[in-house]
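Student: no sequence on hand, only this structure:
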């Protein structure tokens, strides 16, 4: 089968070539890939595993081989899932607890956007507890996780403030259901009961300064590329009993990933969640799509379709 592998001898360090077929464990299905998404965190993995690694986590397609232990969907089922690696290929093995069937009216491209970004947004918001009637801040709101988080928080009854990088992104994020879209977190914003931050650096410090007493900041990334925030005791002076939570989606119980992916896919089908696909290309253009993400030329999810 064809698939992508890191190769330092090539100009972009990534090449598509013939690869061995996946070797599934008893608890794995083999998915014939219809689409896969590229996540910003995978850019670091491409650099760290530059010789012989098969990238790819987010995948959607059709089960071509059911799990030997009898768990998971049957052959022929349209699914979305989160692989350990190798999803940038024609076929990939995925544990059945990380797979969910998708409705017929949800495209593979839409579904492929869900695993990393959708699960991160959904589970990070859960850390903040009930959102009904609460003020929620989402930074990096036009990105993959951020755009999901804005919609999910609004659907849960929160009043959402969205932070974006500039005025050119305001309209698109307003359309996601944000009550307010800002380009800076300052004394004119908040205070917030819950905040999701994937930018880091100085933005994270600004967010802490605008917490309500007892509020929660859930930090899930450092997309801004800035040095880590040097938070200190007095940064929490205006928000006694506030907390800062370091969030890693794979630490939240992957045994129920499939359950949550099913919820997200059903929300897309019902018109309650828009994946906001930014770049959709044929998988022959994977290298170009990765470069667009690396150079910050893509807004929303970057998805490749396999014909």
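Tutor: Arrived safely. These numbers were taken from a predicted model, which means no experiment stands behind them.

Student: list the strands paired with whichever strand or helix holds residue 280, with their directions.
Tutor: Using DSSP states H and E, the element containing residue 280 is strand 277-282. Looking at strand 277-282 with DSSP bridges, its partner strands are strand 301-305 (parallel).

Student: hmm, who's touching the partner strand?
Tutor: 34-38, 88, 108-109, 112-113, 117, 144, 275-283, 285-286, 289-290, 292-293 (Cβ atoms under 8 Å, 6 or more residues apart in numbering). Every C-beta, even on glycine, is put in place using the N, C-alpha and C of the backbone.

Student: thinking again about what came up before, and the strand holding residue 280, how far from the chain's centre?
Tutor: In this view, strand 277-282 has its centroid 15 Å away from the chain centroid, taken as Cα atoms, centre = their mean, to the nearest Å.

Student: any residues touching it, and which ones?
Tutor: So strand 277-282 is contacted by 109-110, 113, 288-289, 292-293, 298-305, 307 (Cβ under 8 Å, 6+ apart).

Student: of the residues you listed - the most surrounded one?
Tutor: Using other Cβ atoms under 10 Å as the neighbour test, these are led by residue 113, with 32 neighbours.

Student: residue boundaries of the strands in the stretch 201-307 of the chain?
Tutor: 211-219, 243-246, 277-282, 301-305 (DSSP state E, counting those that start in this stretch).

Student: could I get the contacting residues of the residue nearest to residue 274 when sequence neighbours are not counted?
Tutor: Closest residue in space to residue 274, ignoring its immediate chain neighbours: residue 151 at 6.7 Å, by Cβ to Cβ, 6 or more residues apart in numbering. Contact partners of residue 151, counting by Cβ under 8 Å, 6+ apart, are 176, 177, 272, 273, 274.

Student: need the next SSE after the least confident helix or strand in the chain by mean pLDDT, C-terminal direction.
Tutor: Within the chain, no helix or strand scores below helix 40-48, which has a mean of 87 by mean pLDDT, DSSP states H and E. Using DSSP H and E, the helix or strand that follows helix 40-48 towards the C-terminus is strand 58-65.

Student: what lines up beside that next one in the sheet?
Tutor: Partners of strand 58-65 in its sheet, by DSSP bridges: strand 28-38 (antiparallel), strand 78-82 (antiparallel).

Student: still on that earlier bit, and the furthest pair within the contacts of residue 151?
Tutor: Taking Cβ to Cβ as the measure, the contacts of residue 151 span a maximum distance of 11.6 Å, between 176 and 272.

Student: and the two? which has more neighbours close in?
Tutor: residue 176 (24 against 14).

Student: mind checking pLDDT for the more buried one?
Tutor: pLDDT, residue 176: 96.

Student: name the nearest residue to it, sequence neighbours excluded.
Tutor: Residue 176 sits nearest to residue 150 (Cβ to Cβ, 6+ apart), 4.5 Å away.

Student: tell me, what's the model's pLDDT at the one you found?
Tutor: 98.

Student: so it, which of the three states?
Tutor: helix (DSSP: H, G, I helix; E, B strand; the rest coil).

Student: what sits against it?
Tutor: 138, 141, 160, 162, 173, 176, 177, 178.

Student: who wins for proximity to residue 20 among the strands paired with strand 58-65?
Tutor: Closest among the strands paired with strand 58-65, using Cβ to Cβ: strand 28-38, at 12.7 Å.

Student: off-centre distance for the closest one?
Tutor: 16 Å.

Student: ok and it relative to helix 40-48, angle-wise?
Tutor: Counting by axes from the mean of the first three to the mean of the last three Cα atoms, to 10 degrees, strand 28-38 lies at 100 degrees to helix 40-48.

Student: residues near residue 4, how many?
Tutor: 25.

Student: after the helix or strand harbouring it, which helix or strand is next?
Tutor: Using DSSP H and E, residue 4 falls within strand 2-6. Once the chain leaves strand 2-6, the next helix or strand it forms, by DSSP H and E, is strand 14-18.

Student: for that following strand, which helices and strands make contact with it?
Tutor: Secondary-structure packing of strand 14-18 (3 or more Cβ pairs under 8 Å, 6 or more residues apart in numbering; DSSP states H and E): strand 2-6, helix 286-294.

Student: nearest to residue 131, out of the ones you listed?
Tutor: Judging the helices and strands packed on strand 14-18 by Cβ to Cβ, what sits closest to residue 131 is helix 286-294, at 29.5 Å.

Student: so for the closest one, mean pLDDT?
Tutor: Rounded mean pLDDT across helix 286-294 is 90.

Student: return the distance of the particular helix or strand that has residue 100 in it from the chain's centre.
Tutor: In the assignment (DSSP H and E), residue 100 maps to strand 99-101. Remark: strand 99-101 is offset 17 Å from the chain centroid, using Cα atoms, centre = their mean.
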